[in-house]
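Student: coordinates only, sequence not included:
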């Protein structure tokens, strides 16, 4: 049975039990500040468990795309090294929202595993929560008694809170769970050692296969538990582990899905799977990581240097590094492997098929970029090793005190190679040892921990528990129709982040638009009878509209008047509506392959990212800008359709964006031929946008371009500034009749003068060279030159390179003055560097303090810059003493 067939059987079984099969939510989380990625099947249903939203279907099942690489569930370093951890994985799950509970969940799990999938009963064990006195939660006797109907009591294991009380994080929905474990060892091994003793002991063949969580509690910020409004069932069964069990394999990576990927990489690299543990790890890492990378890109998350994008870039670079370091793959290979993945998993994940070209192009560019980085890193480590050797130090290591190393790479230097160039510490140490240089690995670990601590501290958000004030009712958003309204506070909580404290306020109704769909949240005030509370941002978290304020009202129960910052919202709405017109214009000019890949809309400007595989030409930009301006001039009225069926909206021409989650009913915004699914604030007609101007076009990633534009007052200010600049240039040039020609003539004259200056400088350098040749003196077998000249640093460098060719065993130190600054240049013949272990970079650093500066370079040539020219002669004299 293939992985695809196993997944389908799961769907068919629960459909027969009255469950609706729902699609996976995006793997990249966009509306939950507590999560970057979906890391469990229940993430998309969290609002149901918390009571913030009512489930339309009481029973659902699906296969959820999950990613665990950061935060509490950090499995990245395990991936590929063992045989069962993954970054991206599929979690098969069935849920009950206030419907069935333990009896049905346990009996159906048993039926599916033993009757449908036909796993032998004598290979199964179950665990049940033993209770926890600290939390005041008793043993789960109900689950224990239900299990006794299906399995021998000696196969039921009581387990601790650590293993059998499921919690998503430090706070949130939680409850006792019962797990089903499978023993995949051979018959002889099972006879030799009782599998009961191996459950929950990290044995690679005795593993948890299915977890049934019974959601009963909400963990509060103070650590206490409170009952949820209703009890729920949340189950999760890793598809990869299930496939391993059903296909009779000893590793997840031996199943058909992973083997197809592994064999492709094996063929590309020429290294068979099973050759060695080292190369097998590399093949497993690559096969795993391509799934995480491809699914993230298809969900709209591109690799970047921050946030979720940085996590994806780390995963991608880890895969490339293993291919480069262990398999000898020096050309892009992940981009090719992505095509194999699309064939394997395009059903049921159609987003892979539709985004195939984008996925391949983004990965290819990332690979090419990282290969260049690796090459730079190799050069950096070679330079570092040569520098350490030239210092002449002899280093010993306590692990092998008899061995003498020729240098030491510090932990800080090793961390730079890791952080900047992506070199793992084992690769750094390997290259260093090959050159008889030691790496201070323990100090590297200290630097690595410092980085982790900094990252953790930057992301820590401490939230108190919600304090209930009024009736806890869902907030009604009335901002499409009203800009101010009477409101009451229903609850609040205090939040601490990066040393600052503020409050999150929830109201019974609000005109404040919460950040979403690229549009920033509204600002404004809550006006009370005796005080005014400033709202500095509005966000949405777990279906709650949250108003952020630095101040808590003194009277929490009064009625406030919520008033949005109307000027800010009007400017933002102009930019948002212009974004829709821009999107339509892009598709009209460039083609229908253009799709939105991100946007930012605020009061000052708009930013729009879109799929396109080449730079947008100036001519195309002019056409796009003109189409938007034409639509503005046409005074097209807003056609807003609220609560439209999603299928009807698509039939109207609205595009659903990949990586976004939509309900059964959506809001449609239509300006003429522009049709978008959108929840944002818009102008009543396009003429209200006013002026529109594209200010930049650039690349974001492979296959993704970015346009930034301005409208309204910002565009007016832009054109006013340009006009004033033009007028100033006219005045400077004495108001010529043809301004453009006058500027061109001025530039031509400037270029001619520059050439004349360069010629004069060359002539001056030539004359100076003749003078300096007479100053070369013999110090033993060294031809030494020292002087202070009135010449720029580049000319000095050219001069020294020429003289080095004419004078054997040449050492020259030249000081130069340029205005208020000064410099030093030091040249040493390569023969002297090699014979005497001299190092120009090291020497220049030592003497640069005399000119209040710093410098560096290579062993044979180095420079320093400073601001104290009086110290030039002292620095030169110090260099000369080294030759004595």
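Tutor: Ah, there it is. Computed from a predicted model, the values in this text were never measured in an experiment.
Student: residue ranges of the strands in the stretch 451-600 of the chain, please?
Tutor: Using DSSP state E, counting those that start in this stretch, the strands of the stretch 451-600 of the chain run over 461-463, 467-468, 476-477, 484-497, 500-507, 509-510, 524-527, 532-535, 537-541, 544-549, 559-564, 596-601.
Student: what's the last one packed up against?
Tutor: Right, the one you point to is strand 596-601. Contacts of strand 596-601 with other secondary structure elements, assessed using 3 or more CB pairs under 8 Å, 6 or more residues apart in numbering; DSSP states H and E, are made with helix 566-590, strand 606-611. (Each C-beta comes from the backbone N, C-alpha and C, glycine too.)
Student: the first one: how far from the chain's middle?
Tutor: Read it as helix 566-590. Once both centres are worked out by CA atoms, centre = their mean, to the nearest Å, helix 566-590 turns out to sit 27 Å from its chain's centre.
Student: so can I have TSV of the helices and strands packed on strand 596-601 showing mean neighbour count?
Tutor: Shown next, in TSV, are the helices and strands packed on strand 596-601 (neighbours: other CB atoms under 10 Å):
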stretch	mean neighbour count
helix 566-590	22
strand 606-611	22
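Student: so where do the strands sit in the stretch 701-850 of the chain?
Tutor: Listed in chain order, the strands found in the stretch 701-850 of the chain under DSSP E, counting those that start in this stretch are 704-711, 777-779, 782-789, 810-818, 821-828.
Student: which one of those is the most hemmed in?
Tutor: Taking mean count of other CB atoms under 10 Å as the contact definition, the stretch among the strands of the stretch 701-850 of the chain with the greatest mean neighbour count is strand 821-828, which reaches a mean of 24.
Student: in stretch 537-547, what counts as buried?
Tutor: By 16 or more other CB atoms under 10 Å, the buried positions in stretch 537-547 come out as 537-542, 544-547.
Student: point out where the stretch 401-550 of the chain drops to low pLDDT.
Tutor: 456-460 (pLDDT under 70).
Student: what about the helices in the stretch 1-150 of the chain?
Tutor: Listed in chain order, the helices found in the stretch 1-150 of the chain under DSSP state H, counting those that start in this stretch are 3-16, 46-50, 102-111, 141-147.
Student: next, the angle from the longest one to helix 102-111.
Tutor: Here the directions of helix 3-16 and helix 102-111 differ by 140 degrees (axes from the mean of the first three to the mean of the last three CA atoms, to 10 degrees).
Student: could you give the separation of helix 3-16 from the chain centroid?
Tutor: The mean C-alpha position of helix 3-16 is separated from the chain mean by 33 Å, CA atoms, centre = their mean.
Student: picking up where we left off before, reformat the helices and strands packed on strand 596-601 as TSV; add distance to residue 769 and mean pLDDT.
Tutor: Below are these laid out as TSV (distance: least, CB to CB, whole Å; pLDDT from 0 to 100):
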stretch	distance to residue 769	mean pLDDT
helix 566-590	57	97
strand 606-611	54	94
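Student: quick one: low-confidence parts of the stretch 1-150 of the chain?
Tutor: 31-34, 70-75.
Student: mind doing that once more with 80?
Tutor: Along the stretch 1-150 of the chain, the parts satisfying pLDDT under 80 run over 30-35, 40-41, 43, 46-47, 49-53, 69-78, 84.
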